[in-house]
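1. output the structure for:
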Amino acid sequence: MSSGTDQNLQDRTDGETDEAVIPGKRLRADNDRQKDRQKDRRDRGGAHKDKAGAAEAAEPTSLGERVVFRLKQWGITLSYLVVAVVIIALIRTFIIQSFTIPSGSMENTLNEGDRVTVTMYDSDEVNRGDVVVFTDPDHWLTTQEPTGLQGAAQDFLVAIRIFPQDAGHHLIKRVIGMPGDHVVADGKGSLTVNGVELDEVYLKPGRSASDLAFDVTVPEGYIWVMGDNRANSSDSRYHQNDAHRGFVPLGNVVGVAKNVVWPYSHWSSLSSGHEVFSQVPEPTSTPTAIPSGPAAPASTLAGSGS
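-> Model (predicted):
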């Protein structure tokens with residue numbers, strides 16, 4: 001009897017011993033994992049300290065080293081600025097510029113204060129009906145150059161191509177005649193190009209094609225331009241006694257205005273004028289030189305818009 005009891009006790013003791021061993025293993029495993037996590041945290045903390053130490057080491061301590069360090073930082077910033085200016089200059093020189101309309105000479109197509117985009121890459125591909133920006137050929141404008149600090153600032157901005165060359169000396173008009181075109185106005189509202197009368201849908205309402213009579217043939221290398229607000233546009237008609245006889249050299253064309261981009265309420269394309277000239281035939285011949293001698297007398301200037 002005692003032998004069986006001892007055996008059962010021994011069995012229970014062995015069993016209890018076996019049961020006690022398993023939690024002990026788990027406890028040791030948990031302790032090991034905790035130690036590993038603590039080690040990982042210490043390692044990460046050490047890495048942060050190393051980075052902080054490296055940052056502190058990167059910051060010079062002496063005055064001379066700090067000056068050199070700051071100059072290098074400024075040099076990097078200046079390099080980025082120079083690259084940005086060069087990119088802007090290239091875009092404005094070869095791709096696109098924007099211009100603000102200074103007067104009402106192109107109403108209602110363009111209103112004073114409108115901003116238009118002008119493409120530069122196709123300035124030599126001008127067509128009848130295009131709205132073009134060009135530099136003043138014969139002092140059509142009376143713009144005075146800024147002086148002093150303002151003048152120096154403008155010269156600098158022109159030099160780095162932020163402002164266009166001849167800033168303040170640009171006009172915007174519509175191309176009516178190309179080289180060889182025979183453009184005639186009877187002064188009573190009729191305007192013809194190469195014998196075809198135009199129906200100019202872009203004219204400001206209530207305005208006739210021209211109250212001033214003229215008869216011109218555009219020479220090679222030039223264009224004839226007029227504003228859409230004919231009663232308030234100092235255009236080719238009123239400069240026939242100038243050196244270029246009112247014709248604008250194609251070399252003066254800065255670019256073709258494509259869109260109105262400001263204000264938002266006036267967003268529009270400027271390409272609709274081409275349809276007006278769709279029935280105009282090509283000229284049969286083109287004069288090679290500007291006509292000599294005084295032009296036919298012109299009536300009083302109808303407007304001074306640019």
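
2. what's the following helix or strand after whichever strand or helix holds R66?
-> Here R66 is covered by helix 63-94, with elements defined by DSSP states H and E. Using DSSP H and E, the next helix or strand after helix 63-94 towards the C-terminus is strand 96-100.

3. other SSEs contacting that following strand?
-> Other helices and strands packing on strand 96-100, by 3 or more Cβ pairs under 8 Å, 6 or more residues apart in numbering; DSSP states H and E, are strand 115-119, strand 253-262. Heads up, the C-betas are built off the backbone N, CA and C, glycines and all.

4. give me the contact list for the first one.
-> The set of residues that contact strand 115-119 without belonging to it, under Cβ atoms under 8 Å, 6 or more residues apart in numbering, is 95-101, 110, 131, 133, 172, 254-262, 270.

5. show the buried residues in the residues you listed.
-> For the contacts of strand 115-119, burial is judged from neighbour counts taken by 16 or more other Cβ atoms under 10 Å, and it is met by 97, 99, 101, 110, 131, 133, 172, 254-258, 260, 270.

6. for the residues you listed, which one is nearest R70?
-> Q97 (36.9 Å; Cβ to Cβ).

7. where's that closest one relative to S272, distance?
-> Spatial separation of Q97 from S272 under the definition Cβ to Cβ, to the nearest Å is 22 Å.

8. okay, and the helix or strand of this protein with the least pLDDT?
-> Evaluated with mean pLDDT, DSSP states H and E, the helix-and-strand set of the chain has its lowest mean pLDDT in helix 2-58, which scores a mean of 48.

9. find the nearest non-adjacent residue to K173, please.
-> Leaving aside its chain neighbours, K173 sits nearest to V225 (3.7 Å; criterion: Cβ to Cβ, 6 or more residues apart in numbering).

10. thought the one you found was touching R174?
-> Yes: using Cβ atoms under 8 Å, V225 is in contact with R174, at 6.4 Å.

11. and for these two, which residues touch both?
-> V132.

12. sorry, back to before: would you turn the helices and strands packed on strand 96-100 into JSON lines with distance to G189?
-> What follows is the helices and strands packed on strand 96-100, written out as JSON lines (distance: least, Cβ to Cβ, whole Å):
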{"stretch": "strand 115-119", "distance to G189": "28"}
{"stretch": "strand 253-262", "distance to G189": "26"}
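
13. which one of these lies closest to T286?
-> Evaluated over those, closeness to T286 peaks at strand 253-262, with 17.6 Å, by Cβ to Cβ.

14. kindly export the closest one (C-alpha atoms) in CSV.
-> As requested, C-alpha coordinates have been extracted for strand 253-262 and formatted as CSV (Å, rounded to 0.1, in the frame of the first residue of the first chain):
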residue,chain,number,x,y,z
VAL,A,253,8.0,91.5,-85.0
VAL,A,254,8.6,90.1,-81.5
GLY,A,255,6.0,87.4,-81.8
VAL,A,256,2.4,86.4,-82.5
ALA,A,257,-0.1,86.9,-79.7
LYS,A,258,-2.0,83.7,-79.2
ASN,A,259,-4.2,83.9,-76.1
VAL,A,260,-5.6,86.4,-73.6
VAL,A,261,-4.7,84.9,-70.2
TRP,A,262,-5.7,87.7,-67.9
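
15. next SSE after it?
-> As assigned by DSSP H and E, the chain's next helix or strand after strand 253-262 is strand 268-269.

16. which neighbouring elements make contact with that following strand?
-> For strand 268-269, the elements it packs on are strand 253-262, judged by 3+ Cβ pairs under 8 Å, 6+ apart.

17. residues making contact with the strand it packs on?
-> Everything outside strand 253-262 that qualifies as a contact, by Cβ under 8 Å, 6+ apart, is 96-99, 110, 114-120, 122-126, 130-135, 164, 170, 172, 223, 266-271.

18. quick one on the thing from earlier: nearest to L71 among the buried ones among the contacts of strand 115-119?
-> For the buried ones among the contacts of strand 115-119, the residue nearest L71 by Cβ to Cβ is Q97; the value is 35.4 Å.

19. list the contacts of the closest one.
-> For Q97, counting by Cβ under 8 Å, 6+ apart, the contacting residues are 117-118, 120, 164, 254-255.

20. from those residues, which two are the most distant?
-> The farthest-apart pair in the contacts of Q97, when distances are taken by Cβ to Cβ, is T117 and P164, at 13.1 Å.

21. more neighbours: these two, which one.
-> Comparing T117 with P164 by neighbour count (other Cβ atoms under 10 Å), the higher total belongs to P164, at 22 against 17.

22. show the pLDDT at the more buried one.
-> P164 carries a pLDDT value of 53.

23. likewise for F69?
-> For F69, the model assigns a pLDDT of 73.

24. G75: neighbour count?
-> Residue crowding around G75 was assessed by other Cβ under 10 Å; the count is 10.
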